[in-house]
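In: 3D model of this:
(one chain, ligands or ions: 1)
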Amino acid sequence: MLNQIKLISAALLSIAILTSCAAQQVKSDQPSLKDAYAGKFLVGATVNGDMVAHPSSKKMRIVKQHFSAATMDNAMKWGPFNPQPGEYNFEAPDKFASYTQQQGIAAVGHVLFWHSQTPDWVFKDDNGNLLSRDALLKRMRERAKLMANRYGDKIKIWDVVNEAIEDDGSLRQSLYNKIIGDDFIEQAFRIANDELPADAVKLYNDYGMTRSGRVNTVIKMVNDFKARGVPIDGLGIQGHWSMDSPTLDEIDTSLTKLAATGLPLHITELDIDYLGRSQFFGANGANVDLQKRIATPENNPYPNGNFPASADAALGDRYAAIFKLFLKHHKDIDRVTFWGVTDGDSWLNGWPVAGRTNYPLLFNRDGSAKQALQKVIEVGLAAQ
Ligand code: XIL
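Out: Numbering: from 1, shown residues only. Predicted structure coming up:
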């Protein structure tokens, strides 16, 4: 399906180039991100409930203009979607599914099964005791079935399991793992495959996908799944990166290794944390379980939008270099999604330092373009 999308986007791009040549005499409209990468991979962004409730807002105009894929940042996670047994918040996901369908934007379901933002009740019976393996598998199946019934015709890419492998390659000891056992990921994919439509692309998604421990386990898992006929369609590389980590070489190497599994790669949650986080944890990554810090003048140096122009340029250069690498691997990459639209939407204003002002994306808080947008578009256009 994604290959078809690529062909269609390539055809649309040729039309866009032809018409924009004519239009350029009138006004020099900037080509969009999605056009710059048409025929290579989809370019996406996350949207939130407020955005899908206001489809004509400035942010949604940016989404429509620049992005060919979209993911909900929180509203489809188990907790926000289904906070109590039998209680469902359908409004935002419903709007998301119909908006993306109307606009021809590829919708991504994030996320069926994740240890975080999942309420306690999911794992417990009425007496507060942990469920049996079978009872939890049944609940997981009910969730997948509901998603399939309600969104199956509109959402064709799913993050099935998120962050189930640790940096060192061991399996994360979450309640899923504790109750179901080490075959939790396998069972999740079997359920997703049974319940979601056959043409849905089902992904394993994780951060730190340049760390050899995790990468090796992921590769082993995919090979094992293939050998035993466990269905999996692609790998999600979150891409919560910073200015110096991972290095371009590390990204290059891990893309090569992961693509060698034969599965298409999706960069699912790209952002560049200019302010960095290794100073707190001694490592990068995006483990939401790590304890947050409080903003101080030292760790929050640009609280009032006073981000220096030189920093803006450096961020743009880092993005440009990373997109050059994505282009090098474009045959293996189906999608690159940013985790947010504007800097104001980013989760990096709240993690790992609560209340700091971060600048990780391609659009300023007021929706204006950053240098990074221009630079990333130029990289794409140069390869067209
Ligand atoms: C983040 C959301 O953007 C925040 O609003 C929320 O408070 C925490 O989760 N990896 C993931 C995403 O897979 O779901 C996370 O999203 C960011 C890290």
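In: buried set for stretch 196-207?
Out: Going by neighbour count (16 or more other C-beta atoms under 10 Å), the buried part of stretch 196-207 is 196, 200-207. Yep, even glycine has a C-beta here, placed from its N, CA and C like the rest.
In: name the nearest residue to whatever residue of the stretch 101-250 of the chain ends up closest to the ligand, ignoring sequence neighbours.
Out: Distances from the stretch 101-250 of the chain to the ligand, computed as C-beta to the nearest ligand atom, single out residue 162 as the nearest residue at 5.1 Å. Residue nearest to residue 162 in three dimensions, not counting chain neighbours: residue 114, with 3.9 Å by C-beta to C-beta, 6 or more residues apart in numbering.
In: you'd agree residue 49 is up against residue 90?
Out: No - counting by C-beta atoms under 8 Å, residue 49 stays clear of residue 90, with 11.2 Å between them.
In: looking at those two, which is more packed in?
Out: When neighbours are counted by other C-beta atoms under 10 Å, residue 49 comes out ahead of the other of residue 49 and residue 90, with 18 against 14.
In: distance check, the more buried one against the ligand.
Out: Noted for residue 49: a distance of 11 Å to the ligand, by C-beta to the nearest ligand atom, to the nearest Å.
In: with residue 338 instead?
Out: 12 Å.
In: what's the neighbour count on that residue?
Out: 29.
In: for residue 33, same thing?
Out: The criterion is other C-beta under 10 Å. On that basis, residue 33 has 24 neighbouring residues.
In: and the nearest residue to it once chain neighbours are set aside, what does it touch?
Out: Spatially, and ignoring its direct neighbours in sequence, residue 33 is nearest to residue 66 (4.2 Å; C-beta to C-beta, 6+ apart). Remark: with contacts taken as C-beta atoms under 8 Å, 6 or more residues apart in numbering, residue 66 is in contact with 32-34, 43, 45.
In: go again with 7 Å.
Out: The neighbours of residue 66, taking C-beta atoms under 7 Å, 6 or more residues apart in numbering as the test, are 32-34.
In: do residue 204 as well
Out: Shown in contact with residue 204 (C-beta under 7 Å, 6+ apart): 160-161, 185, 218, 232, 235-236.
In: now list the buried members of those residues.
Out: If you count burial by 16+ other C-beta under 10 Å, the buried members of the contacts of residue 204 come out as 160-161, 185, 218, 232, 235-236.
In: quick check, the residue nearest to residue 162 in contact with residue 160.
Out: No - under the criterion of C-beta atoms under 7 Å, residue 114 lies out of contact with residue 160, with a separation of 10.0 Å.
In: count of residues packed around the closest residue to the ligand within the chain?
Out: Across the chain, no residue is closer to the ligand than residue 347, which sits at 3.4 Å (C-beta to the nearest ligand atom). Here the number of neighbours of residue 347 (other C-beta under 10 Å) works out to 18.
In: now residue 87
Out: Counted with other C-beta under 10 Å, residues neighbouring residue 87 total 8.
In: and the pLDDT for it?
Out: Looking at residue 87, its pLDDT stands at 98.
In: what are the bridge partners for it, then?
Out: Residue 87 has the following beta-bridge partners by DSSP bridges: residue 84.
In: next, give phi and psi for the nearest residue to residue 78 once chain neighbours are set aside.
Out: Computed as C-beta to C-beta, 6+ apart, the closest residue to residue 78 that is not its neighbour in sequence is residue 118, at 4.4 Å. Torsion angles at residue 118 (phi, psi; degrees, to the nearest 10) stand at phi -120, psi 120.
In: low pLDDT regions in the chain?
Out: Along the chain, segments meeting pLDDT under 70 span 1-29.
In: residues of this protein that sit close to the ligand?
Out: 73-74, 162, 238, 269, 286, 288, 347 (C-beta under 6 Å from any ligand atom).
In: at 5 Å instead, please
Out: 73, 286, 347 (C-beta under 5 Å from any ligand atom).
In: done for today, thanks.
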